[in-house]
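K.L.:
this one's structure only:
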């Protein structure tokens, strides 16, 4: 029983961390009313999704592909290959960027969301190609990882866009600081 729970946790790691990021954002972010209708609510959701669902999950994928390449490849329905190293390094790079984006400037956030979105949506396209061409519906190809590859970038883009400070508010804040 415990073994199945542990295996289920690791198989569903990406979705679990996406759900955890949303739950933490709900608990840690002021409500719309408390924040005075500001974009702080969207900011909170962006921060937690980028930290946990993008950053921590990418670091986890790095560990899998780097140190357990046979396990990672088998879960996707592939054979192990030297490309596991490159996939691991790409995951590590994007994981670090997303973790840093938790408290970074807007420009850094836009760049990190752009990069992780291209990476994950490219992964999703590859998973779809494998489903169609090779009938590969293994859990690592068509399961939780596929869905998080689609949902995480979508949510990051939505919340980062909504957290944007309107131009007139930005000008007012700049004038007040001066």
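P.N.:
Happy to help now that I have it. Just so you know, these numbers come straight off a predicted model, no measurement behind them.

K.L.:
Find the residue at the geometric middle of this structure.
P.N.:
residue 54 (2.3 Å; CA atoms, centre = their mean).

K.L.:
so who does that one touch?
P.N.:
Neighbouring residues of residue 54 by CB atoms under 8 Å, 6 or more residues apart in numbering: 94, 95, 98, 116, 152, 156. Where C-beta positions appear, they are placed from N, C-alpha and C, glycine not excepted.

K.L.:
contacts for stretch 14-30?
P.N.:
If you take CB under 8 Å, 6+ apart as the criterion, stretch 14-30 is touched by 9, 35, 40-41, 43-45, 47-49, 51-53, 56-57, 60, 144-145, 147-149, 151-152, 155.

K.L.:
swap the cut-off to 10 Å and go again
P.N.:
Outside of stretch 14-30, the residues within contact range by CB atoms under 10 Å, 6 or more residues apart in numbering are 8-10, 12, 35-36, 38, 40-58, 60-61, 120, 143-149, 151-152, 155, 159.

K.L.:
Sketch out the helices for this structure, chain order is fine.
P.N.:
All helices of the chain, identified by DSSP state H, fall at 2-11, 13-28, 40-48, 57-67, 69-76, 83-101, 106-134, 139-142, 144-162, 167-177.
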